[in-house]
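*Asks:* Pasting the sequence and the predicted model now:
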Amino acid sequence: MGPLAHRLGNRLHLQHGPIDLIIGADGAGHARAQAFAAAQARFATVLEELVTELDLLRQPIGHDTPPPHGETATRMMDASKRFATGTFVTSMAAVAGAVAETILQAMTATADLPRAYVNNGGDIALHLTQGTEFSTAMAGHDGRALGRIRITHADPIRGIATSGRHGRSLSCGIADSVTVLAATAATADVAATLIANAVDVQNTSAIRRRPAREIDDHSDLGDRLVVTGCGPLRADAITTALGNGADYAQKCASGGQITGACLFLQGHTRVIGHSPVTLSQGTPEYA
């Protein structure tokens, strides 16, 4: 089936293959209509464009990796390259955030919008103008409220992304979830993936792992081990795993790749950097 589009009141739902977008835009009715028409027109070829370059986008990024041709693929590789030094990463780590950015760019280039967002399965690209803000909730895989994020126009944040072992993609780590705030959605997407990978601990039988290729023979992770299950962990193992993730998140924050991050694992939380986050009652920060 080709791309599908449905209006949901003042929002637009676009879906094609694995891409599922919820789009919102503020402003006059004609401006919103223009923006939604632009989003739908741009979305029509996004998946096809990515498929033509999948072999390249699944390759580990190195100094000799050739550049892609497509707009979204270029966003993916540019974002992933920011994390590639000494780290295994492919451009696919940025795909959801980059798609959201591409659609948002088409909207804001067409219509005068005070505020707009594109939510691609929890990875969100934002457009905020003076006096506007965006709020969203963080929830656990079981639906439990974890907290809220409130981003204003003054914040240097236009991208939100969440990753972890309960998400749509395979994870090398045991984080229940990691939510990252960054200047762009593509950058936040890569960082969330890599920080979630870093939330890990070895030498415990509570964690089950399998090569990624055994689960998905098209996975860009190849024979790398991914987590397929994680039972209850001892307090010291949680401390170690969150500490490993927090160390990498702090490195990203210090390097300017991200603004902040929230890491969640079995009822414990670490907040890194500048995160305009209010944690829910019963979700204390774990030091």
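*Replies:* Thanks, I have the structure now.
*Asks:* From now on I want contacts and neighbour counts done on CA atoms only, so please keep to that.
*Replies:* OK.
*Asks:* Show me the helices in the stretch 101-250 of the chain, by range?
*Replies:* For the stretch 101-250 of the chain, helices defined by DSSP state H, counting those that start in this stretch occupy the ranges 185-198, 212-215, 235-254.
*Asks:* got the CA positions of the second one in CSV?
*Replies:* Put plainly, it is helix 212-215. The C-alpha trace of helix 212-215 is given here as CSV (Å, rounded to 0.1, in the frame of the first residue of the first chain):
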residue,chain,number,x,y,z
ALA,A,212,20.8,-9.1,16.1
ARG,A,213,20.9,-11.0,12.8
GLU,A,214,19.0,-14.0,14.4
ILE,A,215,16.1,-11.7,15.2
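*Asks:* what distance separates it from the middle of the whole chain?
*Replies:* Computed by C-alpha atoms, centre = their mean, to the nearest Å, the chain-centroid distance of helix 212-215 equals 22 Å.
*Asks:* Going forward, the N-terminal residue is numbered 197.
*Replies:* Understood, numbering begins at 197; the last thing we discussed is helix 408-411.
*Asks:* Just the mean pLDDT for it, thanks.
*Replies:* Averaged over helix 408-411, pLDDT sits at 94.
*Asks:* among the helices of the stretch 297-446 of the chain, which is the most enclosed?
*Replies:* Of all the helices of the stretch 297-446 of the chain, helix 381-394 carries the top mean neighbour count, a mean of 30, counting by mean count of other C-alpha atoms under 10 Å.
*Asks:* Check which helices and strands that helix sits against.
*Replies:* The criterion is 3 or more C-alpha pairs under 8 Å, 6 or more residues apart in numbering; DSSP states H and E, and the helices and strands that helix 381-394 contacts are helix 267-277, helix 291-306, strand 319-324, strand 355-359, strand 373-378, helix 431-450.
*Asks:* so which of these gets nearest Ser476?
*Replies:* Judged by C-alpha to C-alpha, the one of these that comes nearest to Ser476 is strand 373-378, at 14.6 Å.
*Asks:* Parallel or antiparallel, list what pairs with that closest one.
*Replies:* strand 355-359 (antiparallel), strand 456-461 (antiparallel) (DSSP bridges).
*Asks:* Next secondary structure after the last one?
*Replies:* The one in question is strand 456-461. Remark: after strand 456-461, the chain's next helix or strand is strand 464-469, criterion DSSP states H and E.
*Asks:* Run through the neighbouring helices and strands of that next one.
*Replies:* Using 3+ C-alpha pairs under 8 Å, 6+ apart, strand 464-469 sits against helix 431-450, strand 456-461.
*Asks:* And those: which comes nearest Gly198?
*Replies:* Of all these, strand 456-461 comes closest under C-alpha to C-alpha, at 35.8 Å.
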